[in-house]
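# give me a model of this one.
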Amino acid sequence: MRHTPCLTAVTLCALVAGCAVGPDFERPAAPTADSLGELPKETVSAPGPQGESQHFVDGQDVAAAWWTLYRSPALNKLVEEALAANADVKAAQAALRAAREQAKAGYGVFLPNIEGSFQAIRQKDPTESVSATAATGAPILNLFTPQVTVSYTLDLLGGNRRAQESLEAQAEAQRFVTEATTVTLTTNLVVAAITEAGLRGQVKATEDIIAVEKSLLAILHRQLALGQVAESDVLAQEAALAQAEQALPPLAKQLDQQRHQLTALLGHLPGSAPSETFALDDLHLPDALPASLPSKLVDQRPDIRMAEANLEAASANVGVAIANRLPQIDLAAGLGSSSTSASTLFAPGNGLWSIGGTLTQPLFDGFALMHKERAARANFEQAAAQYQSTVIAAFQNVADSLTAITNDARALAAAEAAEQAASKSLAVTRRSLELGAVPYLVLLNAEAAELQARNTLVQAQANRLADTAALFQALGGGWWNKETQTAMATP
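Predicted coordinates for the structure are as follows:
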């Protein structure tokens, strides 16, 4: 039974190899059902454009192509173009490929390392004091040595497995960085299109006001010629027209800059702006909105999933740091041949081999490994706190979006009522002025109220559309449904 000690050692190694030092990662518990507070059921409605009531559906999934709910073919086209050409998305995808290749490379430590070598030496021995190396006694000889070496490090305590766990977690974190980049791009593009539409609405409202101001100025000139108004009234109207015209260039500047941003998101230079333009009337307000449960939200948000992956990587690094302080066993074997002539390399008697193992135990390193382990544990605590902070910020983001959508609907209803009232007041005041029934100052006030009301209404309409897009982003953007969407689109 002379093989019993050897078998016992092998069995012991196999048993030890079944475990790994360091903490086993466990996913943090999901938040409770009331983490988002009281959810609204539906919003108020308004009679005008973008005034439809929106209702929230508990547990409804988020579509991967949620932007199609705006029913704008032009918007759909630009989103697809941006996903294919945006440089930030390409950079994130390249980083993901690199991280995955690094994770695959990590598996190499679990297999033996095999190296082949061939050494050729020509040497002269000092014959005066030592005997010649060659069997023939010649002081000058050639020595050829081909050899194959196999080495393997036993992962008895799981340090390599923890290192691989960390690499895979880092690749997973980069995956969610990529998903977050894509979700951010699509949201920014949708919001940019909505902002452009809103600015075009404000430009149109300002141009309409300018046209009205010019018409009133013509009326006042005629009344001045008839002696019905004072010259001061004409001058005041000219000032009002100039103020209205002064408001137009800043809006035009914002619109141009918005077009530049939209072009950049598409991955193009400013001179290659898309032919598509956007108006508020071209965009449909989504009416059924998802309201994800808190337990699902932690799985949907890319930033939470990335923080979770970072937490797992930090947990695995604690195991790596612990394993580095414990014994390591390296096995090595070599097989080859050596001869003074290439023609006799593989002749009997020229073969050589070696086999052995090395047990290494750090004894004193200036306490470096101890402090590295403490640093790994501190990094784990940091990652845990960052995860908690990410979850809190994400839930705040969703709550803010839900609140914004609810209040946007109220603001639009109020803006619609204010605009209708201001429009009616301006029409009545204009007729009264033509009849000489009211002073000109009353008309100026009515014009200013109408302009402000129209711009407020346009902004309220754009806010409803934009904050709806922000909700889809806050709920994760539907990235987990991309494969389902692709499968459905494939004939």
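# local confidence estimate at the most centrally placed residue in the chain?
Compute the mean C-alpha point of the chain, and by Cα atoms, centre = their mean the closest residue is residue 180, 2.1 Å away. Note on residue 180: pLDDT of 96.
# quick one: which helix or strand includes it?
When elements are defined using DSSP states H and E, residue 180 is found to belong to helix 159-225.
# try residue 48
If you go by DSSP H and E, residue 48 is not part of any helix or strand.
# any idea how far the residue nearest to it when sequence neighbours are not counted is from residue 460?
The shortest distance from residue 48 to any residue other than its chain neighbours is 4.8 Å, reached at residue 416 (Cβ to Cβ, 6 or more residues apart in numbering). Backbone N, C-alpha and C define where each C-beta goes, glycine included. With distances taken as Cβ to Cβ, to the nearest Å, residue 416 is found 8 Å from residue 460.
# between the two, which is the more surrounded one?
Under the neighbour definition other Cβ atoms under 10 Å, residue 416 and residue 460 were set side by side, and residue 460 has more, 25 against 22.
# pull the distance from the helix or strand hosting the more buried one to the chain's centre.
Per DSSP H and E, residue 460 falls inside helix 440-474. In terms of Cα atoms, centre = their mean, to the nearest Å, the centre of helix 440-474 is found 32 Å from the chain centre.
# again with stretch 243-258
What separates the centre of stretch 243-258 from the centre of its chain is 33 Å, taken as Cα atoms, centre = their mean.
# quick one: average confidence on it?
Predicted confidence along stretch 243-258 averages 92 (mean pLDDT).
# what residues does it touch?
By Cβ atoms under 8 Å, 6 or more residues apart in numbering, the list of residues contacting stretch 243-258 from outside reads 192, 195-196, 199-200, 202-203, 206-207, 209-210, 213, 451.
# let's go with 10 Å and repeat that
Residues from elsewhere that reach stretch 243-258, judged by Cβ atoms under 10 Å, 6 or more residues apart in numbering: 192-214, 270, 273, 277-278, 444, 447-448, 451, 455.
# in this structure, which spans are helices?
With DSSP state H applied, the chain shows helices at 4-17, 73-85, 87-106, 159-225, 231-246, 248-265, 294-300, 302-323, 368-434, 440-474, 482-489, listed in chain order.
# tell me which of those sits most buried.
When you average the neighbours per residue for each of those (mean count of other Cβ atoms under 10 Å), helix 302-323 leads with a mean of 23.
# orientation of that one relative to helix 368-434 in degrees?
Between the axes of helix 302-323 and helix 368-434, defined by axes from the mean of the first three to the mean of the last three Cα atoms, to 10 degrees, the angle is 170 degrees.
# who's in contact with the spatially closest residue to residue 154 that is not a sequence neighbour?
In this structure, residue 154 finds its nearest non-sequential neighbour in residue 329, 4.4 Å apart by Cβ to Cβ, 6+ apart. Taking Cβ under 10 Å, 6+ apart as the definition of contact, the neighbours of residue 329 are 13, 152-157, 357-360.
# bridged to residue 329, which residues?
Going by DSSP bridges, residue 329 is paired in beta bridges with residue 154, residue 359.
# next, work out how far apart it and residue 356 are.
Relative to residue 356, residue 329 is positioned 11 Å away (Cβ to Cβ).
# just residue 185 next, same as before
In this structure, residue 185 lies at 56 Å from residue 356, with Cβ to Cβ as the measure.
# over to residue 20?
For residue 20, the distance to residue 356 (Cβ to Cβ) stands at 26 Å.
# more neighbours, these two?
residue 20 (22 against 9).
# what sits against the residue lying closest to the more buried one once chain neighbours are set aside?
Closest residue to residue 20 apart from its sequence neighbours, by Cβ to Cβ, 6+ apart: residue 158 at 2.3 Å. Applying Cβ under 10 Å, 6+ apart, we find residue 158 in contact with 16-22, 164-165, 316, 319-320, 322-323, 326.
# for residue 158, give me the pLDDT.
Confidence score, pLDDT, at residue 158: 92.
# and it, its phi and psi?
The main-chain torsion angles of residue 158 are listed as degrees, to the nearest 10 and equal phi 80, psi 10.
# any idea how far residue 324 is from it?
Between residue 158 and residue 324 the distance is 12 Å, computed by Cβ to Cβ.
# who touches both of these two?
By Cβ under 10 Å, 6+ apart, residue 158 and residue 324 have these common neighbours: residue 21.
# from what I can see the residue nearest to residue 48 touches residue 464, true?
No: between residue 416 and residue 464 there is no contact under Cβ atoms under 10 Å: 11.4 Å.
# any residues in contact with both of these two?
Listed contacts common to residue 416 and residue 464 are 46, 49-51; contacts here mean Cβ under 10 Å, 6+ apart.
# from residue 323, how far off is residue 442?
85 Å.
# before we move on, what about residue 74?
Plainly put, residue 74 is 57 Å away from residue 323 if you go by Cβ to Cβ.
# cool, residue 476 as well?
If you go by Cβ to Cβ, the gap between residue 476 and residue 323 works out to 36 Å.
# swap in residue 331?
17 Å.
# on that earlier part again, residue 61: which of the contacts of residue 158 is nearest?
For residue 61, the closest of the contacts of residue 158 turns out to be residue 165, at 30.8 Å, with distances computed as Cβ to Cβ.
# enumerate every residue touching that closest one.
20, 22, 24-25, 103, 106, 158, 312-313, 315-317, 319-320.
# please repeat the previous calculation with a cut-off of 6 Å.
Under the criterion of Cβ atoms under 6 Å, 6 or more residues apart in numbering, the neighbours of residue 165 are residue 316.
# for residue 331, same thing?
With contact set as Cβ under 6 Å, 6+ apart, residue 331 has these partners: 152, 357.
# what do you get if the cut-off is 8 Å, keeping everything else the same?
Taking Cβ under 8 Å, 6+ apart, one finds 151-154, 356-358 in contact with residue 331.
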